[in-house]
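Engineer: can you look at this prediction? I've put the sequence above it.
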Amino acid sequence: MDRPTFVPAVFYKDPIAALKFLEAAFGFEVSALVTDADGNLAHSEVTFRGGALNVGGQWEGAIIGAARMRSPAAVEGVNTQFLRINLDDGLDAHCERARAAGAVITAEPEDQFYGARTYRALDPEGHVWNFNQEVAAYDAAGVEKALGFKTATSLKEAGLG
């Protein structure tokens, strides 16, 4: 079985509701679901177009030391990351599906100077989702001109390593 190199995880106060939302809004499919005798989620994984994501409830414990896994809804909306999902096509329709399922669209679909069409959304517990679709080839010189920044593909090339 082919497995993605990275499988990030997101944590929710209500992970079962989150799984239902992710299916309805973004088209994710549950590929693994482990529950305890009371129906509480112990572990889950969803897949989408070759990628995978673990969805879990909030927790803490010895396996992760002092770290505590929390939903943004439990920490005043604070996020320490966002999820960037690449779509081959259908970005605008995907946005409408997400909106219809209750996602809060924070940035409407728009073409970006770096060659992608993107939209951004919040799920019901405040995780940030960024969806993009390549619509033009990436142009490093154009990015440098638009931002005034230097682009590089390594620390050494950027003079930082």
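Structural biologist: Structure's in. What do you need?

Engineer: any low-confidence regions in this protein?
Structural biologist: Counting by pLDDT under 70, the chain has low-confidence residues at 1.

Engineer: max-length helix in it?
Structural biologist: Using DSSP state H, we find that the single longest helix of the chain is helix 91-100.

Engineer: quick check: next helix or strand after that one?
Structural biologist: strand 104-111 (DSSP states H and E).

Engineer: just the C-alphas of that following strand, formatted as PDB.
Structural biologist: Extracted as PDB, the C-alpha positions of strand 104-111 are listed here (Å, rounded to 0.1, in the frame of the first residue of the first chain):
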ATOM      1  CA  VAL A 104     -16.600  29.900   6.900                       C
ATOM      2  CA  ILE A 105     -14.900  31.100   3.700                       C
ATOM      3  CA  THR A 106     -12.300  33.700   4.900                       C
ATOM      4  CA  ALA A 107     -10.900  34.300   1.400                       C
ATOM      5  CA  GLU A 108     -13.000  33.800  -1.700                       C
ATOM      6  CA  PRO A 109     -11.400  32.000  -4.700                       C
ATOM      7  CA  GLU A 110      -8.900  34.300  -6.300                       C
ATOM      8  CA  ASP A 111      -6.000  34.000  -8.700                       C
END
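
Engineer: which secondary structure elements does it sit against?
Structural biologist: helix 91-100, strand 116-122 (3 or more C-beta pairs under 8 Å, 6 or more residues apart in numbering; DSSP states H and E). Where you see a C-beta, it was placed from the backbone N, CA and C, and this is true even at glycine.
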